[in-house]
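Novice: Everything below, folded, please.
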Amino acid sequence: MNTKNNSKRGFTIIEVVLVLAIAGLIFLIVFLAVPALQRSQRDTQRRNDAGRMLTLLGNYQSNNKGAFPSATGQDAFITNYVKGELNSPSSGSAYTFSWTRNANANYATDTDTMQIALGAKCDPGNSRASTSGAGGRNMAVIVPLEGGGAYCTDQ
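Specialist: Below is the predicted model of the structure:
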């Protein structure tokens, strides 16, 4: 009796292509998801930095009888209170600070800029500050977000 063993070991071309296609799909998903996660993480850091800046401004007010930093004292405030603690997550360098008392102006769009609106409060759902309903001791901090829009926090 003549028996032939025709079983061959190995993968077919279909199996190899299928595995490569699945691996490619996984890499594509990872390369699309990672930048979005990083952008979200940087925006979260900007929100935290805005809250920290509001705390530092409150500390300044407590130490200076409720006064805001004057136009000439803003650099001293940055030097004495911020002390390089707040760095932009996109560049790693210190934020550029934009001071305003006309809080109805549009916010900055550069994600390395933090806008401080003195005598203003945040407009609900508007991501900007306004002087309406704000008292003389109110202040708002606005940071642009990479994901679009801006984040506004006030006291």
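Novice: nearest spatial neighbour of the residue positioned nearest the centre of the chain, skipping sequence neighbours?
Specialist: Nearest residue to the geometric centre of the chain (CA atoms, centre = their mean): Asp43, 2.1 Å. Excluding its sequence neighbours, the residue lying closest to Asp43 (CB to CB, 6 or more residues apart in numbering) is Leu145, at 4.5 Å. The C-beta positions use only the backbone N, C-alpha and C, and glycine is treated the same way.
Novice: Please look at that neighbour and Thr109 and confirm they touch.
Specialist: No: assessed by CB atoms under 8 Å, Leu145 is found out of contact with Thr109, at 10.0 Å.
Novice: And those two? Which one has more around it.
Specialist: The neighbour comparison of Leu145 against Thr109 (other CB atoms under 10 Å) goes to Leu145, with 17 against 9.
Novice: Quick check: phi and psi at the more buried one.
Specialist: When read as degrees, to the nearest 10, the backbone of Leu145 gives phi -110, psi 150.
Novice: Can you tell me how far it is from Gly51?
Specialist: Separation of Leu145 from Gly51 (CB to CB, to the nearest Å) stands at 14 Å.
Novice: I'd like the distance between the residue nearest to the centre of the chain and Glu146.
Specialist: Look at Asp43 and Glu146: by CB to CB, they are 6 Å apart.
Novice: mind checking the SS state of Arg46?
Specialist: Under DSSP: H, G, I helix; E, B strand; the rest coil, the three-state class of Arg46 is helix.
Novice: How about the contacts made by it?
Specialist: Residues in contact with Arg46 (CB atoms under 8 Å, 6 or more residues apart in numbering) are Ser88, Pro89, Thr111, Val143, Pro144, Leu145, Tyr151.
Novice: Might one say that the third one is in contact with Gly147?
Specialist: No: distance between Thr111 and Gly147: 10.1 Å, which falls outside the contact criterion (CB under 8 Å).
Novice: more crowded one of the two?
Specialist: Neighbours were counted for Thr111 and for Gly147 using other CB under 10 Å; Thr111 has more, 20 against 11.
Novice: Tell me if that one really is in a strand.
Specialist: No: counting by three-state DSSP, Thr111 falls outside a strand, being coil.
Novice: how about it, what does it touch?
Specialist: Thr111 is in contact with Arg42, Arg46, Ser88, Ser90, Val143, Pro144, Leu145, Glu146, counting by CB under 8 Å, 6+ apart.
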